[in-house]
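[1] Next come a sequence and a model predicted from it.
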Amino acid sequence: MRVRTNQKSKTISFVEIDEAVWGILPNRMLLRLNISLQAPAELSQQQAKRLIEEIEKHAWERFLKYLTYRERSLWECQQFLKNLPLHPSLVPKLIEQAEKYNYISDQRFAEIMTRSMCEYGKSKREISNKLHEKRISSNLIDQYLDEYYYSQEEQILQDNLKKALARYSRFPQKERIEKLKNYLYRKGFSYSKIMTALAKVEQEK
């Protein structure tokens with residue numbers, strides 16, 4: 001099997017085996033494995049197997065660091081591994097290993113993100129869009145919106161309205177009301193709920 005390296009930086013190189021990129025390794029590891037950093041070389045099946053094992057081990061260590069930074073969706077993990085780069089045959093193995101240890105859970109990811117975004121006053125549309133962006137299933141999105149969002153929706157709308165009132169306070173009342181309605185509608189709140197919230201503000205005045 002023919003192996004070739006291509007330096008990514010002073011300390012790390014891409015590793016190609018039979019013209020396919022398999023991953024990256026520190027140069028010190030490549031030298032320890034007697035892999036030339038200068039010219040292509042022929043490897044035995046056993047040597048190539050050892051090299052791939054080291055690539056997988058190094059990718060796993062990088063993957064664990066990525067997972068410890070914050071909760072990740074399955075799709076985010078797949079994209080991270082593909083972009084390392086890593087040979088497509090190794091990606092499912094590392095994903096499966098992470099799932100085995102419960103390091104990845106779209107259910108847990110959806111719950112944590114929904115709860116957090118509710119605490120930050122995000123609208124249903126903002127939460128749903130963010131979760132869809134992370135490739136979370138519609139079933140999980142609906143489940144956690146039911147659990148965390150709807151019971152707080154009125155307060156979330158009021159919090160967004162207060163922010164909008166501060167933003168548009170310099171405008172004449174008629175123009176301010178239109179801007180408030182448009183702002184909240186773009187956030188994803190329904191027209192009827194926006195009007196109810198505005199009416200409540202007027203009553204409080």
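    Structure's in. What do you need?
[2] use CA for all of it now, contacts and neighbours both
    Will do.
[3] List the contacts of the nearest residue to residue 3 once chain neighbours are set aside.
    Nearest non-adjacent residue to residue 3, counting by CA to CA, 6 or more residues apart in numbering: residue 17, 4.5 Å away. Neighbour list for residue 17: 1-4, 48 [criterion: CA atoms under 8 Å, 6 or more residues apart in numbering].
[4] Per-residue pLDDT of the residue positioned nearest the centre of the chain, please?
    With distances taken as CA atoms, centre = their mean, the residue of the chain nearest its centroid is residue 76 (4.6 Å). Predicted confidence (pLDDT) for residue 76: 98.
[5] Give me the mean pLDDT for the longest helix anywhere in the chain.
    In the chain, with assignment by DSSP state H, the single longest helix is helix 45-69. The average pLDDT within helix 45-69 is 94.
[6] Now restrict the contacts of residue 17 to buried residues only.
    3-4, 48 (16 or more other CA atoms under 10 Å).
[7] Dump those into a markdown table; add distance to residue 129 as well.
    Below are these laid out as a markdown table (distance: CA to CA, whole Å):
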| residue | distance to residue 129 |
| --- | --- |
| 3 | 44 |
| 4 | 43 |
| 48 | 44 |
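[8] now, which of the residues you listed sits nearest residue 41?
    residue 3 (5.4 Å; CA to CA).
[9] Would you confirm that the closest one belongs to a strand?
    Yes. Residue 3 sits within a strand when classified using DSSP: H, G, I helix; E, B strand; the rest coil.
[10] For beta bridges, what are the partners of it?
    Note on residue 3: beta-bridge partners by DSSP bridges are residue 17, residue 41.
[11] any weak-confidence spans in this protein?
    Low-confidence segments of the chain (pLDDT under 70): 203-205.
[12] What segments of it are helices?
    Assigned by DSSP H, the chain shows helices spanning 27-32, 45-69, 74-82, 91-100, 106-119, 124-133, 138-144, 153-167, 173-187, 191-204.
[13] What residue spans form the domains of the protein?
    2-99, 106-151, 153-204 (automatic domain parsing).
[14] And the first one, how far out from the chain middle?
    This points to domain 2-99. How far domain 2-99 lies from its chain's middle: 21 Å, per CA atoms, centre = their mean, to the nearest Å.
[15] and if you look at the last one?
    Its chain's C-alpha centre lies 31 Å from the corresponding centre of domain 153-204 when counted by CA atoms, centre = their mean.
[16] Return the residues in contact with the residue nearest to residue 38 when sequence neighbours are not counted.
    Setting aside the residues directly before and after it, residue 38 is nearest to residue 5 in space (CA to CA, 6+ apart), at 7.5 Å. Counting by CA under 8 Å, 6+ apart, residue 5 touches 13-16, 36-40.
[17] count of neighbours near residue 188?
    Residue 188 has 18 neighbouring residues, counting by other CA atoms under 10 Å.
[18] re earlier: from the buried ones among the contacts of residue 17, which single one is nearest residue 65?
    residue 48 (26.1 Å).
[19] was I right about the closest one contacting residue 1?
    Yes. The pair residue 48 / residue 1 is scored as a contact, 7.0 Å apart, by CA atoms under 8 Å.
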